[in-house]
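Visitor: heads up, no residue letters with this:
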């Protein structure tokens, strides 16, 4: 897009351009864009504003609002002793999950960038977890990690690495960590493929000339490869942070936020409060807090991508 | 080195001379790289194989479980391989559960979403990629923000549509602007230009974007969970989640449902994975 900004083929540039054509153009764009904008208003702007409004109200179980309560929902939320746990769970879940994805994603990308037989097939197969329904990912791992019959416990106890089977999702100490590992399993491929695309865009001439200048493998990597892939890695990183912070499917199915609240994050608390307990108002207040925190990341993401386009 | 070699060709050197030169140059590469190359080969294959086992192994376990007789699953779980295969999990799944309903609902939802989203998203992509108008940057930013926020507010399907629009826009951006220019010079109205030039060219992009939408619509869980309440409208992910609660120990049944849930998306994905990955990655690299 960068190169195209100087050329505007559609709109007649000089004063010679007939105004009739200009008017027709003005109709094409609104016509093409209005469905998207309409959907945006109905499904994004409206629910967003409604969530903010709900967070200031008390709601009945039937869904009606009982009245404006000001900051009461937020006061309750911030004084709730569980909120600290939700917050720290959110941070651990997001940073842990994305951290694993970053490290193994970059390693994976470097591997997939090597030359080896069946590379195209391997690249496709590696992405399979990304295309798998989250509920199915949850089901597969629930079975693999099953305390009585699961393969993982069987292998670990038989090889002597563990004395007795562990209820990975049933134990307050291991639930969140196990969820993070499952999330990483699902999320690493996407990260790897994004970084791989950036690796393939690194100009070979640059690496070649660095090599002839006497740079070893590590120095070529550090001085040529890393700076070239860094923007893509950053963009993917921020995108994954936002996405993972909001991702509650796995926890919902695998632990339901438990045991107790040991694996409940803020968005999961929001969902459970709003839709399981029927308290839409206080559920919405969690969502508003989450959105406020994420706004910072969204701003960073926009800055990063716009610098790219400029 | 490439430049040097080309210069060599221009200078009329023989092939053998160039080869010996290349060998000499390869030798001049620091020892570390050469050492890594010779040691790296088998190690590389081992690591890749390990990765593939970790990625595909769980699916194999699921598939094997779905055809393991129920009594063997109850007795040994996955600690022993099944002595024989049984399709009882599948037949019971279809006979005693509303799984067929879930499948029909999933198919209708996913295909409907694909059709609807492709129309809306291509229109948006065309106007944002091929036309310059006031407020264009604002719309682009709004779309970007909308993609990132909805997850909190449970409108994930829309964000999928927006991302597919992004995918299509990237595809369109790659088509030369001269085409539009030529059409306009030949007297095409913007509408005619879109119909006769852009839509036909967009077709390969539509395959990738359509598959992308299909994958997300088929997999979507939270929205369907929240807004459907009976088997008349529930999709496979919602159904599977209900089964996990209801059939806690019937792993043959659960994994049979899992296999059926996985097949359409994974087949679709593998068919167009090259274009799909290319499109997704181009978005990340170009921004």
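Guide: Good, I have the coordinates. Because the structure is predicted, anything quoted here is derived from the model rather than measured. Numbering: from 1, shown residues only, chains lettered A, B, ... in the order given.
Visitor: what about the strands in chain A?
Guide: Remark: strands assigned in chain A by DSSP state E are A:57-59, A:65-68.
Visitor: right, so of these, which gets closest to chain B?
Guide: strand A:57-59 (15.6 Å; Cβ to the nearest Cβ). For every residue, glycine as well, the C-beta is placed using N, CA and C.
Visitor: which residues touch the closest one?
Guide: A:65, A:66, A:67, A:68, A:69, A:72, A:73, A:278, A:279, A:280, A:281 (Cβ atoms under 8 Å, 6 or more residues apart in numbering or on different chains).
Visitor: ok, back up a step: tabulate the strands of chain A (a markdown table), appending mean neighbour count.
Guide: What follows is the strands of chain A, written out as a markdown table (neighbours: other Cβ atoms under 10 Å in any protein chain shown):
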| stretch | mean neighbour count |
| --- | --- |
| strand A:57-59 | 19 |
| strand A:65-68 | 11 |
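Visitor: Enumerate the positions of stretch A:166-177 that are buried.
Guide: Buried residues in stretch A:166-177, counting neighbours by 16 or more other Cβ atoms under 10 Å in any protein chain shown, are found at A:166, A:167, A:168, A:169, A:174, A:175, A:176.
Visitor: Tell me which residues are up against it.
Guide: Taking Cβ under 8 Å, 6+ apart as the rule, stretch A:166-177 contacts A:89, A:92-93, A:96, A:142, A:145, A:147, A:152-153, A:156, A:178-179, A:254-255, A:258-260, A:262-263.
Visitor: ok now that stretch, how far from the chain's centre?
Guide: Stretch A:166-177 has its C-alpha centroid displaced from the chain centroid by 23 Å (Cα atoms, centre = their mean, to the nearest Å).
Visitor: now swap in stretch A:225-239 and tell me
Guide: The answer for stretch A:225-239 is 15 Å, by Cα atoms, centre = their mean.
Visitor: tell me which residues in that stretch are buried?
Guide: In stretch A:225-239, counting by 16+ other Cβ under 10 Å, buried: A:225, A:228, A:229, A:231, A:232, A:233, A:235, A:236, A:237, A:238, A:239.
Visitor: From the buried residues of stretch A:166-177, pick the one nearest chain B.
Guide: Comparing these against chain B with Cβ to the nearest Cβ places residue A:169 closest, at 11.7 Å.
Visitor: okay, the closest one: pLDDT?
Guide: Note on residue A:169: pLDDT of 87.
Visitor: Next, it: phi, psi?
Guide: phi -90, psi -10 (degrees, to the nearest 10).
Visitor: check contacts around residue A:36.
Guide: Per Cβ under 8 Å, 6+ apart, neighbours of residue A:36: B:120, B:121, B:123, B:124, B:143, B:162, B:165.
Visitor: per-residue pLDDT, it?
Guide: Reported pLDDT for residue A:36: 85.
Visitor: tell me the average confidence for the strand or helix carrying residue B:109?
Guide: Residue B:109 belongs to helix B:99-130 when assigned by DSSP states H and E. Mean pLDDT, taken over the full extent of helix B:99-130, equals 88.
Visitor: quick one: buried residues of whatever helix or strand comes next after that helix?
Guide: As assigned by DSSP H and E, the chain's next helix or strand after helix B:99-130 is helix B:136-148. Residues of helix B:136-148 classed as buried: B:139, B:140, B:142, B:143, B:144, B:145, B:146, B:147, B:148 (neighbour count, 16+ other Cβ under 10 Å).
Visitor: Next, give phi and psi for residue A:261.
Guide: Here is the backbone geometry of residue A:261 (degrees, to the nearest 10): phi -120, psi 20.
Visitor: ok so, going back, using JSON lines, lay out the buried residues of stretch A:166-177 together with distance to residue A:206.
Guide: Supplementary listing: those in JSON lines, determined by distance: Cβ to Cβ, whole Å:
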{"residue": "A:166", "distance to residue A:206": "49"}
{"residue": "A:167", "distance to residue A:206": "52"}
{"residue": "A:168", "distance to residue A:206": "46"}
{"residue": "A:169", "distance to residue A:206": "48"}
{"residue": "A:174", "distance to residue A:206": "46"}
{"residue": "A:175", "distance to residue A:206": "46"}
{"residue": "A:176", "distance to residue A:206": "43"}
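Visitor: Show me chain B divided up by domain.
Guide: Using automatic domain parsing, the domain ranges for chain B come out as B:2-66, B:88-286.
Visitor: Run through the buried residues of helix B:136-148 and flag the ones next to chain A.
Guide: Here is what survives when the buried residues of helix B:136-148 are matched to chain A using Cβ under 8 Å from any Cβ of the partner chain: B:139, B:142, B:143, B:144, B:145, B:146, B:148.
Visitor: anything in stretch B:259-268 near chain A?
Guide: Yes - Stretch B:259-268 reaches chain A (Cβ under 8 Å from any Cβ) through B:261, B:262, B:265, B:266, B:268.
Visitor: Tell me how many other residues surround the fourth one.
Guide: Right, the one you point to is residue B:266. Applying other Cβ atoms under 10 Å in any protein chain shown, we find 17 residues neighbouring residue B:266.
Visitor: Which pLDDT does the model give it?
Guide: Residue B:266 is assigned a pLDDT of 90 by the prediction.
Visitor: Wait, it touches residue A:129, no?
Guide: No - the criterion here is Cβ atoms under 8 Å, and residue B:266 misses it with residue A:129 at 10.1 Å.
Visitor: can you list the weak-confidence ranges in chain A?
Guide: A:1-26, A:60-66, A:307-310 (pLDDT under 70).
Visitor: Could you look up the SS state of residue B:188?
Guide: coil (DSSP: H, G, I helix; E, B strand; the rest coil).
Visitor: who wins for proximity to residue A:123 among the domains of chain B?
Guide: The closest approach between residue A:123 and any of the domains of chain B, judged by Cβ to Cβ, belongs to domain B:88-286 at 7.2 Å.
Visitor: Residue in chain B with the shortest distance to chain A?
Guide: Taking Cβ to the nearest Cβ, chain B has residue B:77 as its residue nearest chain A, at 2.2 Å.
Visitor: and that residue, how many residues sit next to it?
Guide: 20.
Visitor: Then residue A:157?
Guide: The local packing of residue A:157 (other Cβ under 10 Å) involves 15 other residues.
Visitor: Just give the nearest non-adjacent residue to it, would you?
Guide: Take residue A:157 and drop its neighbours on the chain: the residue closest to it by Cβ to Cβ, 6 or more residues apart in numbering or on different chains is residue A:165, 6.0 Å away.
Visitor: so who does the one you found touch?
Guide: A:147, A:148, A:150, A:153, A:154, A:156, A:157.
Visitor: Residue A:185 now?
Guide: Residues in contact with residue A:185 (Cβ under 8 Å, 6+ apart) are A:129, A:137, A:141, B:54, B:55.
Visitor: I'm done for today, thanks for sticking with me.
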